[in-house]
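Trainee: here's a sequence, model it:
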Amino acid sequence: MKNNHKVKVSAIIAAGGSGSRMKKRGGKQLLKLLGKPVVIWTLEAFERAKSITDVIVVIDKSKMKVMKQLIAKFKIRKVTALVAGGETRADSVTNGIKAIDPSTSIIAIHDGARPLINPELIDAAVREAGIYGAVVVAVKAKDTIKTASAKGFVDRTLPRSILWQAQTPQVFKREVLQKAYRNENRHKFTDDASLVEADGIKVKILTGDYSNLKLTTPEDLHFAEAILNDKTGS
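Mentor: Residues are numbered from 1 along each chain as shown. Here you go, the predicted model:
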């Protein structure tokens with residue numbers, strides 16, 4: 001999918017999380033993955049995605065200087081702005097939306113800690129968003145999911161055939177996302193698609209990739225290294 005600048009597509013990379021569950025200092029986005037910072041793997045994927053016009057990185061204010069240096073070192077050309085993150089993910093995305101160019105038609109939001117995203121999947125999500133207005137990349141649940149009571153007993157078992165695990169990118173027409181983010185309760189939602197759903201918009205599911213994992217715990221970093229080694233034949 002070649003953009004040719006007919007439709008301006010901006011990506012917001014949410015990289016402001018503290019990564020407390022990773023149990024490593026400095027934030028998980030700057031951890032080394034096969035010798036390269038996690039967030040750089042992510043940015044390189046968006047650099048290669050033909051549909052993406054420009055990228056806004058939302059990051060902790062204290063890491064902006066380091067981020068600028070990394071962007072220069074790895075020759076990331078699509079980043080047009082670094083924006084300070086907020087207290088919550090919703091605040092951070094809101095700050096990113098405010099930095100979007102007025103001519104942007106479609107906005108893609110992606111976790112900075114999902115470094116294995118495929119550029120072709122990004123392009124497919126953008127293409128689908130142009131048709132449906134709202135798209136979430138997701139994979140079918142592999143495990144049986146149960147709900148539990150407050151006392152820790154199984155309440156019920158959900159039918160696995162209808163369950164999907166949401167990933168990112170999540171891609172929206174600009175007006176859809178901006179309207180959804182006016183919701184005063186936006187901080188209660190765990191992802192952007194949920195917020196858009198609450199606004200009465202149907203969100204299209206695009207089948208994603210199980211390797212597009214979010215690095216949350218130290219084990220995830222090892223899994224990502226194994227996947228990359230497998231892809232490169234190392």
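
Trainee: all contacts plus neighbour counts: C-alpha atoms, from now on.
Mentor: Noted.

Trainee: quick one: residue 88 from residue 162, how far?
Mentor: 30 Å (CA to CA, to the nearest Å).

Trainee: contacts only, for the residue lying closest to residue 172 once chain neighbours are set aside.
Mentor: Spatially, and ignoring its direct neighbours in sequence, residue 172 is nearest to residue 134 (4.4 Å; CA to CA, 6 or more residues apart in numbering). With contact set as CA atoms under 8 Å, 6 or more residues apart in numbering, residue 134 has these partners: 128, 170, 171, 172, 173, 176, 193, 196, 201, 202, 203, 204.

Trainee: can you pull out the helices in this structure?
Mentor: 38-48, 64-73, 89-98, 119-132, 174-180, 192-198, 218-232 (DSSP state H).

Trainee: and the gap between the nearest residue to residue 110 once chain neighbours are set aside and residue 31?
Mentor: Sequence neighbours aside, residue 169 is the residue nearest to residue 110 in space, at 4.4 Å (criterion: CA to CA, 6+ apart). Separation of residue 169 from residue 31 (CA to CA): 21 Å.

Trainee: compare neighbour counts for those two and give me the winner.
Mentor: residue 169 (27 against 18; other CA atoms under 10 Å).

Trainee: for that one, what are its contacts?
Mentor: Contacts for residue 169 (CA under 8 Å, 6+ apart) come out as 108, 109, 110, 111, 122, 125, 136, 137.

Trainee: likewise residue 99?
Mentor: Here residue 99 is in contact with 56, 81, 83 (CA under 8 Å, 6+ apart).

Trainee: quick one, grab the pLDDT at the second one.
Mentor: So the one you mean is residue 81. On pLDDT, residue 81 comes in at 97.

Trainee: state the distance from the residue nearest to it when sequence neighbours are not counted to residue 79.
Mentor: Leaving aside its chain neighbours, residue 81 sits nearest to residue 56 (5.0 Å; criterion: CA to CA, 6+ apart). Per CA to CA, residue 56 is found 6 Å from residue 79.

Trainee: between residue 88 and residue 162, which one's more packed in?
Mentor: residue 88 (14 against 8).

Trainee: wait, that one sits on residue 187?
Mentor: Yes - contact status for residue 88 versus residue 187: in contact at 7.0 Å, counting by CA atoms under 8 Å.

Trainee: per-residue pLDDT of residue 21, please?
Mentor: Model confidence at residue 21 (pLDDT) stands at 51.

Trainee: same check, this time on residue 28
Mentor: 82.

Trainee: I'd say it and residue 38 touch.
Mentor: Yes - between residue 28 and residue 38 there is a contact under CA under 8 Å: 7.3 Å.

Trainee: low pLDDT regions in the protein?
Mentor: Scanning the chain for pLDDT under 70 picks out the ranges 1-5, 17-27, 234.

Trainee: same thing but 50
Mentor: Where the chain drops to pLDDT under 50, the residues are 4-5.

Trainee: ok, residue 167 - contacts?
Mentor: 136, 137, 138, 139, 208, 212, 213.

Trainee: cool, residue 213 as well?
Mentor: Going by CA under 8 Å, 6+ apart, residue 213 touches 114, 115, 116, 167, 220, 224.

Trainee: from residue 185, how far out is residue 55?
Mentor: Residue 55 is 27 Å from residue 185, by CA to CA.

Trainee: mind checking which of the two has more residues around it?
Mentor: residue 55 (26 against 10).

Trainee: thinking that one is in contact with residue 79, fair?
Mentor: Yes - using CA under 8 Å, residue 55 is in contact with residue 79, at 4.5 Å.

Trainee: where does the nearest residue to residue 114 once chain neighbours are set aside fall, phi/psi-wise?
Mentor: Distances taken as CA to CA, 6+ apart place residue 214 nearest to residue 114, at 4.6 Å, with adjacent residues excluded. When quoted as degrees, to the nearest 10, the phi and psi of residue 214 stand at phi -90, psi 130.
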